[in-house]
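>>> Fold the stuff below for me.
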Amino acid sequence: MMKQFILTLLALTMLISCGEEVLTQNTLSTSFKATDLEAFEYTTCAASRFTKPPVDILFVVDNSGSTLQSSFQQIKSQIASTVSTISNEFDYHVYIAPLNSTTTSSSEINNYPLLASDPSSVSGLNLVNIDQISASTFFSQASGGSQETGFSRAYNVINANRNNGIFRSNANTIVVMISNGDDTEAVTNIGGNKVFDQNKFNQLKQNFINLSNSMSTDSFRFISLVPHSNCNGWSTLGNYRRMSQELYDHYSQSDDPSMKNSRDLCSGNYASLFSVVNNSIRANLVGHSYNYWKISNASEADIQDDDITVIKIDSNGNESNISPGTVNGFEYIGHRTNQNTRYAPDVGEPATGLMIKLNGNARLDYPECIRAKTRTPTEFYGYIPLPREPDLATISVSINGTKYDQSSTNGWTYVGWSPSRNIKISHQGASDQPPVYKSGYFLELHGNAIFTNGDSIKIYYKPKI
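Numbers count the residues shown, from 1 in each chain. Take a look at the predicted model:
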């Protein structure tokens, strides 16, 4: 019995050894992993720009008989040169009107010298350039009597030049009153004495406030260059200076606390006349608005166009998803070249790449950002190349650990040699483009055996003898 058992065991061992030799000798293997899907993020933000703020300045320049005094003649050129200190960072209009009219023509008030940083914006008017501003341009011929209605004159000149574009709505409007006298309209005569008239002054001040409101000015100032003390026999009633100070306080301005927008004509120092203006008016930050947005630099074939995620990020970092939609969502419009993305404050910012259209409340405004998530397209593969002609009886195909047999339903069939075949196939809406060409002896896959991105494939076979 023992001898028979040993012989039987020896026979089994020999059979097993022979079987292993049949399975492993000359067996080839091929294994690979299909390309993984790759995700991309593209975060970009709405832009802005600084624009020159509009600044409209009216010089009302004393041309009464007192300006013929030698003491005033000597400073005319110095005062005229103050125009050159206006900041070039402004979109400015500078209108120079005499305190008293010099003719009886009704059109005179619309034809005084005008200096503009952009002359094309006010064409057809009496334009001058900075080099032409001199004492003779600045100071008109002496005119007028003993009355000086400076407040009303400033109001009337601005009001008469609103429709022609000299004094604009939504601008910084500045009156610069230059006089060696004082306004006499806010003065009353009591017993032969000149007395300040508070009620009249308040009325004249309210006229300026109403004018500012009707023009929706960004700021309003009444700057006076007048005597602050007795010098050269000049008047020091103080009405112009009072208007500067009270309007300064009315508009809660805080940049000139000691002088409150009035400068001393007796000081001889006029270089800083516009320092307050220049330092207080800042360039306007204009945010841009967008109805198109670039989401990728890739080509159309490089992304899965039905798997795009669009996230809007607000100024506080809060995120919200933008869904696809034609009303308040996004539409993918593919690759565009030089597509204008901005619709406000004007069109522009052309971009080239994969684009979306933003609709309704999905549109983007400065300083919001968009993070777009895309991925490579889903790909399906229906062919496996083998480097050598296989013995069909020895082929073993496994995909992600699942074995697939020879079958035209859910398995593989042999199609033979091809020098160049696209192993990608059109399947479940996915394209077979761009192609992936291989050469070899091909197995065609069917049904569940078709593999996709990220799948692992292992093939064992023996070459055909």
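>>> Mind telling me what element residue 241 is part of?
Assignment of secondary structure by DSSP states H and E places residue 241 within helix 239-250.
>>> List the buried residues of that helix.
239-248 (16 or more other Cβ atoms under 10 Å). Just so you know, the C-beta spots here come from the backbone N, C-alpha and C atoms, and that holds for glycine as well.
>>> Kindly export that helix (C-alpha atoms) in PDB.
What follows is helix 239-250 as a C-alpha-only set of coordinates in PDB (Å, rounded to 0.1, in the frame of the first residue of the first chain):
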ATOM      1  CA  ASN A 239     -17.400 138.100   2.800                       C
ATOM      2  CA  TYR A 240     -15.400 136.000   0.300                       C
ATOM      3  CA  ARG A 241     -13.300 134.500   3.000                       C
ATOM      4  CA  ARG A 242     -16.500 133.700   5.000                       C
ATOM      5  CA  MET A 243     -18.100 131.900   2.000                       C
ATOM      6  CA  SER A 244     -14.900 129.800   1.600                       C
ATOM      7  CA  GLN A 245     -15.100 128.800   5.300                       C
ATOM      8  CA  GLU A 246     -18.800 128.100   5.500                       C
ATOM      9  CA  LEU A 247     -19.000 126.000   2.400                       C
ATOM     10  CA  TYR A 248     -15.900 124.100   3.600                       C
ATOM     11  CA  ASP A 249     -17.700 123.300   6.800                       C
ATOM     12  CA  HIS A 250     -21.000 122.600   5.000                       C
END
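>>> Beyond the least confident helix or strand in the chain by mean pLDDT, next helix or strand please.
When each helix and strand of the chain is scored by mean pLDDT, DSSP states H and E, helix 2-24 comes last, with a mean of 36. Using DSSP H and E, the helix or strand that follows helix 2-24 in sequence is strand 28-33.
>>> any idea of the mean pLDDT in that following strand?
Strand 28-33 shows a mean pLDDT of 87.
>>> quick one: strands adjacent to that strand?
strand 456-461 (antiparallel) (DSSP bridges).
>>> contacts for the partner strand?
With contact meaning Cβ atoms under 8 Å, 6 or more residues apart in numbering, strand 456-461 is reached by 27-34, 384, 386, 390-391, 394-401, 443, 451.
>>> Emit the PyMOL select command for whichever of the residues you listed are buried.
Here is the PyMOL command that picks out the buried ones among the contacts of strand 456-461, judged by 16+ other Cβ under 10 Å:
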select buried, resi 30+34+384+386+390+394+395+397+399+443+451
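>>> which residues sit against stretch 104-113?
Here stretch 104-113 makes contact (Cβ under 8 Å, 6+ apart) with 95-98, 101-102, 125-126, 128, 132-133, 137, 156-157, 160-161, 164.
>>> Quote the end-to-end distance of it.
18 Å (Cα to Cα, to the nearest Å).
>>> next one: stretch 273-290
42 Å.
>>> sorry, back to before: now list the buried members of the contacts of stretch 104-113.
Using 16+ other Cβ under 10 Å, the buried ones in the contacts of stretch 104-113 are 95-98, 101, 125, 128, 133, 137, 157, 160-161.
>>> Wait, residue 57 touches residue 171, no?
No: contact criterion Cβ atoms under 8 Å: residue 57 and residue 171 do not qualify, at 9.9 Å.
>>> Now whichever strand in the chain runs longest: average pLDDT?
What stands out as the longest strand in the chain, according to DSSP state E, is strand 330-344. For strand 330-344, mean pLDDT rounds to 97.
>>> Determine the angle, from 0 to 180 degrees, between the helix or strand just after it and strand 330-344.
Next along the chain after strand 330-344, taking DSSP H and E as the criterion, comes strand 348-358. Interaxial angle, strand 348-358 versus strand 330-344 (axes from the mean of the first three to the mean of the last three Cα atoms, to 10 degrees): 150 degrees.
>>> about what we covered before: and the longest strand of the chain, what does it pack onto?
strand 289-290, strand 292-296, strand 348-358 (3 or more Cβ pairs under 8 Å, 6 or more residues apart in numbering; DSSP states H and E).
>>> Return the list of strands paired to whichever helix or strand comes after the longest one, each annotated with direction.
The reference is to strand 348-358. Using DSSP H and E, the next helix or strand after strand 348-358 towards the C-terminus is strand 364-365. Applying DSSP bridges to the sheet, strand 364-365 is found paired with strand 289-290 (antiparallel).
>>> I'd guessed residue 285 sits against residue 50; true?
Yes: counting by Cβ under 8 Å, residue 285 does reach residue 50; the two are 6.0 Å apart.
>>> Could I have the CA atoms of the one helix or strand residue 415 maps to written out in CSV?
Using DSSP H and E, residue 415 falls within strand 412-422. These are the backbone C-alpha positions of strand 412-422, laid out as CSV (Å, rounded to 0.1, in the frame of the first residue of the first chain):
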residue,chain,number,x,y,z
TRP,A,412,-12.7,40.4,-27.3
THR,A,413,-12.2,39.2,-30.8
TYR,A,414,-9.1,39.0,-32.9
VAL,A,415,-8.8,41.3,-35.9
GLY,A,416,-5.1,40.8,-36.8
TRP,A,417,-2.3,43.0,-37.9
SER,A,418,-2.5,46.7,-38.7
PRO,A,419,0.4,49.1,-39.3
SER,A,420,-1.7,52.0,-37.9
ARG,A,421,-5.0,51.9,-36.0
ASN,A,422,-6.8,54.5,-33.8
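>>> quick one: that strand to strand 456-461, angle?
110 degrees.
>>> In terms of secondary structure, what does strand 412-422 contact?
Using 3+ Cβ pairs under 8 Å, 6+ apart, the elements in contact with strand 412-422 are strand 383-386, strand 437-445.
>>> 6 Å - rerun?
strand 437-445 (3 or more Cβ pairs under 6 Å, 6 or more residues apart in numbering; DSSP states H and E).
>>> now the angle from the strand it packs on to strand 456-461?
Using the same axes, to 10 degrees, strand 437-445 lies at 80 degrees relative to strand 456-461.
>>> And the next helix or strand past strand 437-445?
Sequence order places strand 451-452 as the next helix or strand after strand 437-445, per DSSP H and E.
>>> ok so, going back, and the contacts of stretch 104-113, which of them are in strands?
By the criterion of DSSP E, membership of the contacts of stretch 104-113 in strands covers 95-98.
>>> what's the domain layout of the chain?
39-49+287-375, 53-282, 379-461 (automatic domain parsing).
>>> Which positions in the strand holding residue 415 come out as buried?
412, 421-422.
>>> Next: stretch 428-438.
Quick answer for stretch 428-438 (16+ other Cβ under 10 Å): 430, 432, 438.
>>> Fine, thanks again, bye for now.
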